[in-house]
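Peer 1: show me how the following folds:
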Amino acid sequence: MGSVIPLKKSANSAYLELKNLLGDKLKKVEGLIDQKLKSEVDLIEKMSEHHLKSGGKRLRALLTLEAAKLTGYKEDLRDINLAACVELIHSATLLHDDVIDESSLRRGVKTSNSIWGNQSSILVGDYLLSRCFEIMVQDGDLEVLQLLSSTSAKIAQGEVLQLQHRGEADLLEETYIDIINLKTASLFSAATKTGACISGSNEKEKKALESYGKNLGLAFQIADDALDYYAKEKFFGKEIGKDFYEGKATLPLITIFQKGNEEEKEFLREIMKKEKRNEDDFSETLALIYKYKAVEVSLKKAEYFVNVSYDALAIFPDNEDKSILQNLTSFSLNRSF
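Peer 2: Okay, the predicted model is just below:
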C-alpha cells in the first residue's frame, strides 16, 4: 500500500474547497435538476422539490464534475447534464430506500413517504429515474448510457440483497461489502468514471477514476454505518440506531459477532430475529459495541478503502484537481455533516 492519509486533516474543508471550486457549474446542475422536476402533476413537483431541497451534499454530482475537470474536459454542457443525471439517480434511490426502511427522517427533515405516503414516494422516485434516462439518451454516448443504466440495476440489486439478509446477526463481512458495493460504491464509481468518459480519457485513466470512486464509496458507507452507533442527530440529521432498529447488520454489529463469546452471539441472533427491537435492546448492543471497540474497528477498515482510493489517483500529474480529490478521501471518515 502506498500513501497513508492524514485523516485528521480538515475533512470538511476538503469538501467545501471542492464545492467552492465548482460553484458555478454546480449552480447549473441545480438549474437543470429544477427543470427536470417540472411536471403538470402538482404532487410530483411538490414531492421532488421537498426531497431534493432537503440539504443533500451533491457529492456525487461534484465528483462527476471534478473527474471531468481532472481529465481535461473544458466544455460546459455534458459534465453538467451527466452530473445532474447522477444526482437524480441518487435521489430516486433514496426515495425508494426510505419506503423500504419506513424512514421518517432524512438529513433532519421529514421524509417524503412520512408526509405523502409510500405509494407516491415510489412513483416519484420512478419519475426522477425516467428524467435521468431522458438526459442520458439526449447525451447520446452509449458508453455512458451503459455505465449509468447498469449502475441503476446494481443499486436495485444491492437493496434486494440487503432485504434478503435483514435480521441476520451472523451476516458475513464479505456479504456486507457486496451489499454496500452495490448500493453505494457503484454510484460513486459511476460518477467518477463518467467524468473520465466524457473527456475522452484512455482506459487506464477510466479504471483509475473508477477505482477511486468505488473505494471512496465503500469508505463513505462504512463510516456512515458506524455513525449509527455514535452520531449526534443534530449534527448529522440521522436517527441514532436507525440501522439497528431496522434489523440491518452493518460492520459494527458484524464486528461484535466476530469477537463476541457464544452467549453474546446468541443474544445478537435473538434480538435481530425480533420483529421490532426496543431501546433496551439497543442499549445492550451499544455496550457490546463499546466493549469490542466495534466503531473503531469499522473506521479502521474504512481507512483501508480511503488509502486505496487515494492511491488510485497516482497515475495523474500533480495539480490542484488531483490534490482536491485526494484530500476529499478524508471527508468520508471525518465529516461533521
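Peer 1: C-alpha only now, for contacts and for neighbours.
Peer 2: Noted.
Peer 1: and residue 74, helix, strand or coil?
Peer 2: coil (DSSP: H, G, I helix; E, B strand; the rest coil).
Peer 1: and what about residue 103, helix, strand or coil?
Peer 2: Quick answer, by three-state DSSP: residue 103 is coil.
Peer 1: just checking, it touches residue 112?
Peer 2: No. Applying Cα atoms under 8 Å, one finds residue 103 not in contact with residue 112, separated by 9.3 Å.
Peer 1: neighbour-wise, which of these two wins?
Peer 2: residue 112 (25 against 18; other Cα atoms under 10 Å).
Peer 1: for the more buried one, give me its contacts.
Peer 2: For residue 112, the contact set (Cα atoms under 8 Å, 6 or more residues apart in numbering) comprises 47, 50, 51, 95, 121.
Peer 1: can you report how many residues lie near the second one?
Peer 2: Just to be clear, that refers to residue 50. Neighbours of residue 50 under the rule other Cα under 10 Å: 15.
Peer 1: how long is stretch 26-46 from one end to the other?
Peer 2: 22 Å (Cα to Cα, to the nearest Å).
Peer 1: picking up where we left off before, in helices, which of the contacts of residue 112 fall?
Peer 2: Using DSSP state H, the members of the contacts of residue 112 that fall in helices are 47, 50, 51, 95, 121.
Peer 1: which residues does stretch 124-144 contact?
Peer 2: 36-37, 44, 47-48, 78, 81-82, 84-86, 88-89, 91-93, 95-96, 145, 194, 197.
Peer 1: what average pLDDT does it get?
Peer 2: Across stretch 124-144, the average pLDDT comes to 94.
Peer 1: flag every buried residue along it.
Peer 2: Judged by neighbour count using 16 or more other Cα atoms under 10 Å, the buried positions of stretch 124-144 are 124-133, 135-136, 144.
Peer 1: same check on stretch 99-111?
Peer 2: Within stretch 99-111, the residues that count as buried by 16+ other Cα under 10 Å are 99, 103, 104, 105, 106, 107, 108, 111.
Peer 1: likewise stretch 196-206?
Peer 2: For stretch 196-206, using 16+ other Cα under 10 Å, the buried residues are 196, 197, 198, 199, 201, 205, 206.
Peer 1: and the residue nearest the centre of this structure?
Peer 2: What sits nearest the mean C-alpha location of the chain, by Cα atoms, centre = their mean, is residue 184, with 4.5 Å.
Peer 1: report how many residues lie close to the residue nearest to it when sequence neighbours are not counted.
Peer 2: In space, and not counting its chain neighbours, residue 184 is closest to residue 217: 6.0 Å by Cα to Cα, 6 or more residues apart in numbering. For residue 217, the count of nearby residues is 28 (other Cα under 10 Å).
Peer 1: give the helix, strand or coil label for residue 217.
Peer 2: Under three-state DSSP, residue 217 comes out as helix.
Peer 1: that one against residue 185, yeah?
Peer 2: Yes. In terms of Cα under 8 Å, residue 217 counts as a neighbour of residue 185; the distance is 4.1 Å.
Peer 1: buried sites along the helix or strand hosting residue 81?
Peer 2: Assessed by DSSP states H and E, residue 81 sits inside helix 78-101. Residues of helix 78-101 classed as buried under the neighbour-count rule (16+ other Cα under 10 Å) are 78-99.
Peer 1: kindly report the same for stretch 24-35.
Peer 2: Neighbour counts using 16+ other Cα under 10 Å place 25, 26, 28, 29, 30, 32, 33 of stretch 24-35 among the buried residues.
Peer 1: stretch 266-274 too?
Peer 2: Quick answer for stretch 266-274 (16+ other Cα under 10 Å): 268, 269, 271, 272.
Peer 1: quick one, what contacts residue 214?
Peer 2: Residue 214 touches 181, 185, 186, 187, 188, 189, 309, counting by Cα under 8 Å, 6+ apart.
Peer 1: surely residue 288 forms part of a helix?
Peer 2: Yes. Secondary structure of residue 288, determined by three-state DSSP: located in a helix.
Peer 1: what is the burial count for the spatially closest residue to it that is not a sequence neighbour?
Peer 2: Spatial nearest neighbour of residue 288, excluding adjacent residues (Cα to Cα, 6+ apart): residue 256 at 6.7 Å. By other Cα under 10 Å, the residues close to residue 256 number 25.
Peer 1: next up, the contacts around residue 256.
Peer 2: If you count contacts by Cα under 8 Å, 6+ apart, then residue 256 has 265, 288, 289, 292, 294 around it.
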